[in-house]
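>>> fold the stuff below for me.
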Amino acid sequence: MDYKQQVTDALVKALDGQLTADEISSKLERPKTSDKGDLAFPTFTLAKTLHQAPQQIAQDLAGKLDQTGFDKVEVVGPYLNFFFDKAAYSEATLNTVLTQGADYGQNQDGANGNVPIDMSSPNIAKPMSMGHLRSTVIGNSIAEILKKNGYHPIKDNHLGDWGTQFGKLITAYKLWGNEEDVKKDPINKLVEYYVRFHKEDVDKPELDDEAREWFRKLENGDQEAHDLWQWFREVSLQEFNDIYKVLGVEFDTYNGEAFYNDKLAEVVQLLKDDHLLVESQGAQVVDLKKYDLNPALILKSDGASLYITRDIATALYRDRTYHPVKNLYVVGSEQMYYFKQLKAVLEEMKVPSAKDLHHIPFGLITVDGKKLSTRSGRIILLADVLHDSVKMAQEEIVEKNPTLANKEEVAKQVGVGAIVFGDLKNERMNSIDFVLADQLKFEGETGPYVQYARARAESILRKAADVNVQANGNQITDPEAWDTIKALADFPAVVRMACDEYEPSVVAKYAIRVAKSFNKYYAHTKVLTDDAELPARLALVKAVSTVIKESLRLLGVQAPDEM
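Residues are numbered from 1 along each chain as shown. The predicted structure is shown next:
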């Protein structure tokens, strides 16, 4: 039952053409509390055209409105407050959730169109730090949200496995490295060499020359350089995949920068054929004045390629391989200007999918207000944080529920879920100052709080296993249940909004809202009282469990049945 549409239709008739249905719908507000109604229409915008006070307009409208299907309509100052028919609304909502189950909120808006998502993209031979968390979990959640909206997401881990940093790393390894040390502790040793290189090259600029030479050898297929690069890549991927497994994140492809090396010549040739390349101080650039952007540097004066050269090759490959309806790049907000340039160059090249290229930026993750940096040695390893979080969750479970079955598995679900949810509940453009203890609290707006609300719902259902709960006829008149029922009804709209805005926090905040309203309901109502409405109350509990679990799944967070 679409009550928003019902309110809109009633107002269209009463206003007799003063406002369109879209104009009315966009002005409808949700009152802060249910005692003020379920939807409200402000009359301020009509004051100028009708030459009346908003309060008078509201009074007049109330007299003209067809109130059929509403519990009541009240005038409060300049507002018309609509109260829905609680019995009919609860029945329609609960029946829909129980009938559709995990498919509730699913739509086919995307018509199965392909959407490559460039995400995670750690650099080879560097550990995954907390700085890599955001692109990974935001990208993964957006993929699940897209799928829920009928798209076919393709998660592409565009590994940073090429570039001058490999010249630096090979140089450092040749100077200070030891094969046995690297075999024992690959990533930490490679990072140690990399950090040392950047400390020593301050006083020894010749190290940079040596690094450039090693990267030139690598580009030219030198066997020793290639073997070292391949080794660094393999040991890095092993560690990355261990972390992805803990996070529950999988990828459809790992085509890194190196994959596109043999495709760069075509990029340059296409740009030349389209007369887009111009010389500037010996370098080759694409003029982007008409986009109000600086020129895009495609080739350095020595003929070396750059990130954008490889990203153009990547975009061409994805365009030809996937024929995408959207191209998403989940990359930090500091790259916003760069992606404007990339999109502009691709539009100049008339790449079909260029117009649907979207940079999905996000804010920094800091610790104690300071940015993380591998180069400076300021790293907080993601693997360590996940381990510590699971350990803390385990200690919490032992203290609060020592007889819980599968304690280790539940601790993993709670500990990892706390990290993921703690990131995604923030609007992605906001920066986050990370504090592990805050993420693991069972009170407040946290992952464990939402998981626990769902586990509580499952506990109630286990206790009432002998009660027959059906999908039909679930009318609830209890006013304490009203906020929860309205929240459940909003899920399909939340799914669409999160997709339209590429914003997982829409789902996370919604999950918190459902958990809060359900906990409030549970605190005021004895659900298991044996009366005529018991099956309907259990239907509500089951619907809450279903919707919270599905909301968490869209975020990449698991939902334990017991906690």
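
>>> next, the residue nearest the centre of the chain: secondary structure please.
Centrality entry for the chain: nearest residue to the mean C-alpha point is Ile138, 3.2 Å, by Cα atoms, centre = their mean. The assignment at Ile138 comes out as helix when based on DSSP: H, G, I helix; E, B strand; the rest coil.

>>> now swap in Gly150 and tell me
Secondary structure, three-state DSSP: Gly150 is coil.

>>> quick one: residues contacting it.
106-112 (Cβ atoms under 8 Å, 6 or more residues apart in numbering). Quick note: C-beta positions are derived from backbone N, CA and C, even for glycine.

>>> try it again with 10 Å
Counting by Cβ atoms under 10 Å, 6 or more residues apart in numbering, Gly150 makes contact with 106-113, 499.

>>> how about Thr49?
Thr49 touches 18-19, 57, counting by Cβ under 10 Å, 6+ apart.

>>> let's see 7 Å
Contact analysis of Thr49 by Cβ atoms under 7 Å, 6 or more residues apart in numbering lists Gln18.

>>> show the subsequent helix or strand relative to the host helix or strand of it.
Assigned by DSSP states H and E, Thr49 belongs to helix 47-50. Remark: after helix 47-50, the chain's next helix or strand is helix 54-64, criterion DSSP H and E.

>>> go through that next one and flag the buried ones.
54, 57-58, 60-61 (16 or more other Cβ atoms under 10 Å).

>>> kindly report the same for stretch 425-434.
For stretch 425-434, by 16+ other Cβ under 10 Å, it's 425-426, 428, 432, 434.

>>> which outside residues touch it?
So stretch 425-434 is contacted by 130, 138, 333, 361-367, 369, 423, 445, 503, 505, 508-509, 512 (Cβ under 7 Å, 6+ apart).

>>> rerun at 8 Å
Contacts of stretch 425-434 (Cβ under 8 Å, 6+ apart): 130, 134, 138, 333, 360-369, 380, 385, 422-423, 445-447, 502-505, 508-509, 512.

>>> PyMOL command for the buried members of those?
Selection of buried members from the contacts of stretch 425-434 for PyMOL, criterion 16+ other Cβ under 10 Å:
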select buried, resi 130+134+138+360+361+362+363+364+365+367+380+385+422+423+445+446+447+502+503+504+505+508+509+512
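
>>> give me the subset of the contacts of stretch 425-434 lying in strands.
Judged by DSSP state E, the contacts of stretch 425-434 include 360, 365-367 as members of strands.

>>> ok, these vs Ala543, which is closest?
Proximity of these to Ala543 (Cβ to Cβ) peaks at Ile360, which lies at 31.4 Å.

>>> list the contacts for the closest one?
Counting by Cβ under 8 Å, 6+ apart, Ile360 touches 138-139, 142, 328-331, 428, 502.

>>> dig out what it forms beta bridges with.
Val330 (DSSP bridges).

>>> quick one: the helices in the stretch 401-550 of the chain, in order.
407-424, 436-439, 447-463, 482-489, 491-500, 505-524, 534-555 (DSSP state H, counting those that start in this stretch).

>>> could I get the ones you listed as JSON lines with distance to Thr321 and mean pLDDT?
Formatted as JSON lines, the helices of the stretch 401-550 of the chain follow (distance: least, Cβ to Cβ, whole Å; pLDDT from 0 to 100):
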{"stretch": "helix 407-424", "distance to Thr321": "29", "mean pLDDT": "97"}
{"stretch": "helix 436-439", "distance to Thr321": "38", "mean pLDDT": "89"}
{"stretch": "helix 447-463", "distance to Thr321": "36", "mean pLDDT": "97"}
{"stretch": "helix 482-489", "distance to Thr321": "40", "mean pLDDT": "96"}
{"stretch": "helix 491-500", "distance to Thr321": "23", "mean pLDDT": "97"}
{"stretch": "helix 505-524", "distance to Thr321": "30", "mean pLDDT": "97"}
{"stretch": "helix 534-555", "distance to Thr321": "27", "mean pLDDT": "97"}
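
>>> all good on my end, thank you.
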